[in-house]
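okay, sequence plus prediction incoming.
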Amino acid sequence: MRPSKRLDLIPPYLFAQLEKKIADKKAAGIDVISLGIGDPDTPTYEPIVKAMQQAVADPGTHQYPSNRGRQELRDAVAAFYDRRFGVTLDPATEIMPAIGAKECIFNLSLCFLDPEDVALASDPGYPVYTGGPLLAGARAVLMPLKPELGFAPDLDAISDADAERAKLLFINYPNNPTGAIVPDGFFEKVVAFAKQHDILVVHDNAYSETTYDGYVAPSFLATPGAKEVGVEVFSLSKGYNMTGWRAAAIVGNAEAIGAYWKLKSNVDSGLFEAVQLAAVEALSPEVDAEVAKMNEVYARRRDLVVDALKQAGVDVTAPKGTIYVWAPVPAGYDSSAAYCEHVLEQAAVVISPGGAYGTSGEGFFRISLTTPDDRLVEAVERIKQLG
């Protein structure tokens, strides 16, 4: 057996490694609390589950779906974007379901990148922004997210050579892993940069519905000119507690979505239609109250974690979005990985090293808020006791 050389280009997926560490500790009888993986710990909202139960019992959903998606879902996405973001989308040409955001983001690399092409990727960022281009035979050029710029990349720092070779630009706000919200005027700069260099912008909109303190996250596509240069990947995973359902949609530039569909129709057979109908329910106004209640839970957990870290001497800022707290590693550790290993071994708590999300994440760690309150309290108390 001879695996392809392309697999040598990418490291093992971060969360797969975390899962193994947790399993090994638990097998040894250790009470491990994981604050590493961002997987909601509460059930999918009841109206969505009921819609799924009804849809899955309908034999009409049991056959091959269309890659283009059911009309009901495309109409629901259009209505949601109009209601939520003030963005008008054509259901026929500017919306297409995806089997989760991860699949969509990866396949966009296959759609648009040839060998020697460049994808500009936020650093730190979701690992697929860099892994996808590598597996497509292209090159990922990292855009450091600088704290002094509100964790936004400095587009002026991108070299002319990289900008001219770039065909994709990956951004994500509210941002994983930093929890940052988009700085004022940044989306406008991205549109101008993309137009200048003929780049397709991919905005990973996974956390727009998970926000706090009155902040309402915008869509990139609401920016003037954005639809001319970009697409947005909207995921139901985090905001609707639907990580396992693999329900998302790519929206925006019709030409880009047409290219994505051409590839996708040769790769998979589309999203299970019962899941599509459940997603229709998720995007209805009736579910907004469920999302708001979930955000109250996360806001309470966020404050608990931030307060505990501050008491431990960590200079941390409470995020206005996402399900993560991003904090600097305390003094005295050589790397973020060393600190996270120390926390795991001494406190049996799993947190994510910032360096695992890219070079610019070094010196930070990430805590996920997707853990029941009592376990979260115990975890942060364990961390505090480490000093």
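Yes, it's here.

next, residue 235: phi, psi?
Here is the backbone geometry of residue 235 (degrees, to the nearest 10): phi -110, psi 140.

how close does it get to residue 103?
Going from residue 235 to residue 103 by CB to CB, to the nearest Å gives 10 Å. The C-beta positions use only the backbone N, C-alpha and C, and glycine is treated the same way.

which residues do those two both contact?
residue 248 (CB atoms under 8 Å, 6 or more residues apart in numbering).

of these two, who's got more company?
A count of neighbours by other CB atoms under 10 Å puts residue 235 above the other of residue 235 and residue 103, at 25 against 19.

remind me, longest helix of the protein?
Across the chain, the longest stretch assigned as helix under DSSP state H is helix 288-311.

quick one: contacts of whichever helix or strand comes after it?
Once helix 288-311 ends, the next helix or strand along the chain (criterion: DSSP states H and E) is strand 324-328. For strand 324-328, contacts defined as CB under 8 Å, 6+ apart pick out 38, 176-180, 302, 305-306, 309, 314-316, 318-319, 354, 363-369.

and strand 324-328, which strands flank it?
strand 364-368 (antiparallel) (DSSP bridges).

which residues touch the strand it pairs with?
Applying CB under 8 Å, 6+ apart, the external contacts of strand 364-368 come out as 34-39, 124, 177-178, 305, 323-329, 336, 339-340, 351-354, 357.

only whichever of these are buried, select them in ChimeraX.
Per 16 or more other CB atoms under 10 Å, the buried members of the contacts of strand 364-368 correspond to this ChimeraX selection:
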select :34,35,36,37,38,39,124,177,178,305,323,324,325,326,327,328,329,336,339,340,351,352,353,354,357
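
who are the contact partners of residue 280?
51, 70, 72-73, 76.

wait, a helix at it?
Yes: counting by DSSP: H, G, I helix; E, B strand; the rest coil, residue 280 is located in a helix.

re earlier: now the angle from the longest helix of the chain to strand 364-368?
Angle between the axes of helix 288-311 and strand 364-368 is 140 degrees (criterion: axes from the mean of the first three to the mean of the last three CA atoms, to 10 degrees).

packing partners of helix 288-311?
On a contact count with 3 or more CB pairs under 8 Å, 6 or more residues apart in numbering; DSSP states H and E, helix 288-311 meets strand 324-328, helix 373-386.

ok now the shortest one, how far from the chain's centre?
Right, the one you point to is strand 324-328. Taking CA atoms, centre = their mean, to the nearest Å, the mean C-alpha location of strand 324-328 is offset from the chain mean by 16 Å.

next secondary structure after that strand?
helix 336-347.

so for the helix or strand that that next one is followed by, mean pLDDT?
Using DSSP H and E, the helix or strand that follows helix 336-347 in sequence is strand 349-350. Taken as a whole, strand 349-350 carries a mean pLDDT of 93.

again with stretch 150-164
96.

that one: which residues count as buried?
The neighbour-count check on stretch 150-164 (16+ other CB under 10 Å) flags 150-153, 155, 158, 163 as buried.

need the contact partners of it.
By CB under 8 Å, 6+ apart, stretch 150-164 touches 118, 120, 122-123, 141, 143-146, 166, 171, 175, 178, 180-183, 186, 189-190, 193, 196-197, 199.

PyMOL command to pick out the buried ones of these?
Selection of buried members from the contacts of stretch 150-164 for PyMOL, criterion 16+ other CB under 10 Å:
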select buried, resi 118+120+122+123+141+143+144+145+166+171+175+178+180+181+182+186+189+190+193+197+199
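
and the buried residues of stretch 150-164 as TSV, adding distance to residue 207 and secondary structure?
As requested, those are exported to TSV (distance: CB to CB, whole Å; DSSP: H, G, I helix; E, B strand; the rest coil):
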residue	distance to residue 207	secondary structure
150	16	coil
151	13	coil
152	16	strand
153	18	strand
155	22	helix
158	25	coil
163	27	helix
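
next one: stretch 207-219 to chain centre, how far?
14 Å.

quote the end-to-end distance of that stretch.
One end of stretch 207-219 to the other measures 11 Å (CA to CA, to the nearest Å).

buried stuff in that stretch?
Buried residues in stretch 207-219, counted by 16+ other CB under 10 Å: 207-212, 217-219.

what does stretch 223-239 give?
223, 226-227, 229-239.

next one: stretch 109-121
Quick answer for stretch 109-121 (16+ other CB under 10 Å): 109-113, 117-121.

need these in JSON lines with pLDDT, distance to residue 64 and secondary structure, can you?
JSON lines is the format used below for the buried residues of stretch 109-121 (pLDDT from 0 to 100; distance: CB to CB, whole Å; DSSP: H, G, I helix; E, B strand; the rest coil):
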{"residue": "109", "pLDDT": "97", "distance to residue 64": "26", "secondary structure": "helix"}
{"residue": "110", "pLDDT": "96", "distance to residue 64": "22", "secondary structure": "helix"}
{"residue": "111", "pLDDT": "96", "distance to residue 64": "22", "secondary structure": "helix"}
{"residue": "112", "pLDDT": "97", "distance to residue 64": "27", "secondary structure": "helix"}
{"residue": "113", "pLDDT": "97", "distance to residue 64": "29", "secondary structure": "coil"}
{"residue": "117", "pLDDT": "96", "distance to residue 64": "33", "secondary structure": "coil"}
{"residue": "118", "pLDDT": "97", "distance to residue 64": "36", "secondary structure": "strand"}
{"residue": "119", "pLDDT": "98", "distance to residue 64": "32", "secondary structure": "strand"}
{"residue": "120", "pLDDT": "98", "distance to residue 64": "36", "secondary structure": "strand"}
{"residue": "121", "pLDDT": "97", "distance to residue 64": "34", "secondary structure": "strand"}
